[in-house]
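**Student:** What follows is a protein structure lacking sequence information:
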Ligand SMILES: Cc1cc2nc3c(=O)[nH]c(=O)nc-3n(C[C@H](O)[C@H](O)[C@H](O)COP(=O)(O)OP(=O)(O)OC[C@H]3O[C@@H](n4cnc5c(N)ncnc54)[C@H](O)[C@@H]3O)c2cc1C
């Protein structure tokens, strides 16, 4: 079975030494009282919950899966899941970063994000049951009426009820404008919803007494396409005026999907059979509310792959130290043994360091993004709120797609470290690979993320947001540009920053003449942008490590950081050169291929 040690030291390093989050947090009145010790202590306890309660259920949950009862439409989660959920609620974990106004503890979002990283490492499929609730909570908090907030938010922040997002239909996945589910207005102001949703995560389960579905549907007079989609709250059980549960609503599970990974998380077919719902926000403006949920979920999905990358790395490293095969190319190292540990082999180190560099770079980006979200909502200065929101909008597709693509490569590489044993179920590695694969698909496929980044977020505003990130790099270059020790980290990102400006203008020009040029370059572009962002954070992490070492700190943690930073810039970052080259080959090699694809 896989083991897991919460990476608390690295979380503390990123929060307190690299990003200095306390200064930013204390500048916001809602967090003026928070201190680093509280954050560290909460995460220490959160790590115990993940490693002691959730990890032991990971393989058993995957093997057992969820069961569906056709007669009652009920779903049973694997053994131990219900008890773990009760422990999660009793421990107050659901309320961590929810607003005190709605029963939450009001802790910074970064605490919840780090806690979720650890839960994702321990058991991604389990963590999805409470995980989706946060996005639904955020959508209702932003767009719900006072009555809706009063009816739902307390129970969702306490974890008593969970939430879902119901978008996908059999004929409508990426293209939500094709949606058919109908919502008919009733005289009492409510709506009756009819239709079929598929692939709904946590769409039915036995963990809570109620499930709050956020459903997209069309009103009878709705304009065609995405501009005619509205958002509704459709609870599994109707909620009485006093908050108690009322009648069973006409929304139920019609069956479960049998899938490659996250087997212990329910993926439900959902039938709406005249289900009672209430409108969230304005008619035909449903995507506004749903986007709050989708953006939260996109960050959450990046965090899922971060968790899997970390746990896969930890297990592969431990294995590489124990497993002995062949001798080192430079002569025997473990002379008391018949062979050397496989850690002596350069390529085994490459696979391990790739996972480590992706995990630690991803963690820095996740924490930075959580702080942007926090500032967007809570910073007293309007200009900071606006700037944070714009930067986060650009980084969100990178978090979602770059971290999940990396997670797939990293978990697969870590499986490879185990050789044939990685392919065998009992070690847990093959599950990490299977679980990581969905993260590249749901919440908008990674292709769609790349189109969002290049088409909307970058070219859509003539590269203005990219320039905002460029300013961060500029500040670092100004600080460290003359420091020879930092040159190996600063020069590559400064150069890539300059190349990207030209590269982006070039793609914008080509895309203006032929939109397929954007579609053909977008995936490569997102990876280049991902490395620009990771490169920036790796340079900042190296900066802190170098300063500590120069000050005489002998903690091997800093040496490890520097070594990993060097590996990242030597072995991973240079793929940007190839990616820009392939992006520049244009759309013709893809689109002028009718004979090849006949
Ligand atoms: C396990 C699981 C859990 C899920 N959970 C939920 C959930 O909780 N709620 C929910 O609503 N949905 C959920 N989904 C659905 C998921 O979000 C969709 O599967 C996803 O958005 C893709 O839609 P699709 O499967 O219909 O693929 P399609 O939209 O048919 O796409 C097929 C392929 O075409 C590509 N493509 C489509 N359009 C374009 C384009 N314009 N340019 C380039 N490429 C394009 C896609 O990238 C993809 O590779 C889940 C799915 C799974 C498998």
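**Tutor:** The structure has been received and is ready for your questions. From a predicted model like this one, the values you see are computed outputs, not experimental measurements. Numbering: from 1, shown residues only.
**Student:** Could you give the number of residues near residue 189?
**Tutor:** When neighbours are counted by other C-beta atoms under 10 Å, residue 189 registers 8. Just so you know, the C-beta spots here come from the backbone N, C-alpha and C atoms, and that holds for glycine as well.
**Student:** Can you tell me, leaving aside adjacent residues, what's nearest to it?
**Tutor:** For residue 189, the nearest residue in space outside its immediate sequence neighbours is residue 278; the separation is 7.7 Å by C-beta to C-beta, 6 or more residues apart in numbering.
**Student:** just to confirm, which helix or strand has the one you found in it?
**Tutor:** strand 267-280 (DSSP states H and E).
**Student:** residue contacts, the residue nearest to residue 189?
**Tutor:** Each residue near residue 278 by C-beta atoms under 8 Å, 6 or more residues apart in numbering is listed here: 148, 189, 190, 191, 232, 233.
**Student:** go on, residue 65?
**Tutor:** Residues counted as contacts of residue 65 (C-beta under 8 Å, 6+ apart) are 78, 263, 264.
**Student:** just residue 154 next, same as before
**Tutor:** Listed by C-beta under 8 Å, 6+ apart, the contact set of residue 154 reads 102, 103.
**Student:** Then residue 203?
**Tutor:** For residue 203, the contact set (C-beta under 8 Å, 6+ apart) comprises 164, 166, 197, 211, 213, 253, 266, 267, 268, 269, 270.
**Student:** And the residues you listed, which is closest to the ligand?
**Tutor:** Distance to the ligand, by C-beta to the nearest ligand atom, is smallest for residue 267 among the contacts of residue 203, at 4.4 Å.
**Student:** Show me what that closest one bridges to in the sheet.
**Tutor:** With DSSP bridges applied, residue 267 shows beta-bridge pairing to residue 201.
**Student:** That one and residue 224, how far apart?
**Tutor:** Look at residue 267 and residue 224: by C-beta to C-beta, to the nearest Å, they are 29 Å apart.
**Student:** Give the residue from the two that has the larger number of neighbours.
**Tutor:** Taking residue 267 and residue 224 together and counting by other C-beta under 10 Å, residue 267 has the greater number of neighbours (22 against 9).
**Student:** For the protein, list the residues in contact with the ligand, please.
**Tutor:** With C-beta under 6 Å from any ligand atom as the criterion, the chain comes near the ligand at residues 165-168, 173-174, 199-201, 259, 267, 438, 441-445, 447-448, 519.
**Student:** Now intersect those with the strands, please.
**Tutor:** 165, 166, 199, 200, 201, 267 (DSSP state E).
**Student:** Would you reformat these as a markdown table and include distance to residue 112?
**Tutor:** Formatted as a markdown table, the entries for those read as follows, by distance: C-beta to C-beta, whole Å:
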| residue | distance to residue 112 |
| --- | --- |
| 165 | 18 |
| 166 | 23 |
| 199 | 25 |
| 200 | 23 |
| 201 | 19 |
| 267 | 24 |
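**Student:** so which of these is the most crowded?
**Tutor:** Using other C-beta under 10 Å as the neighbour test, those are led by residue 166, with 27 neighbours.
**Student:** Look up which residues are beta-bridged to it.
**Tutor:** Applying DSSP bridges to residue 166 gives these bridge partners: residue 215.
**Student:** Looks like it contacts residue 200 (just checking).
**Tutor:** Yes: contact criterion C-beta atoms under 8 Å: residue 166 and residue 200 qualify, at 5.3 Å.
**Student:** Give me the pLDDT value at whatever residue of the stretch 351-500 of the chain ends up closest to the ligand.
**Tutor:** Of all residues in the stretch 351-500 of the chain, the one sitting closest to the ligand is residue 445 (3.4 Å; C-beta to the nearest ligand atom). Per-residue confidence at residue 445 stands at 98 (pLDDT).
**Student:** Leaving out chain neighbours, which residue sits closest to it?
**Tutor:** Computed as C-beta to C-beta, 6+ apart, the closest residue to residue 445 that is not its neighbour in sequence is residue 174, at 6.7 Å.
**Student:** which residues touch the one you found?
**Tutor:** With contacts taken as C-beta under 8 Å, 6+ apart, residue 174 has the following neighbours: 444, 445, 448.
**Student:** out of the residues you listed, which one sits closest to residue 351?
**Tutor:** Proximity of the contacts of residue 174 to residue 351, judged by C-beta to C-beta, is greatest for residue 445, which lies at 26.0 Å.
**Student:** Residue 231 looks like it's in a helix, true?
**Tutor:** No: assessed by DSSP: H, G, I helix; E, B strand; the rest coil, residue 231 does not belong to a helix; its assignment is strand.
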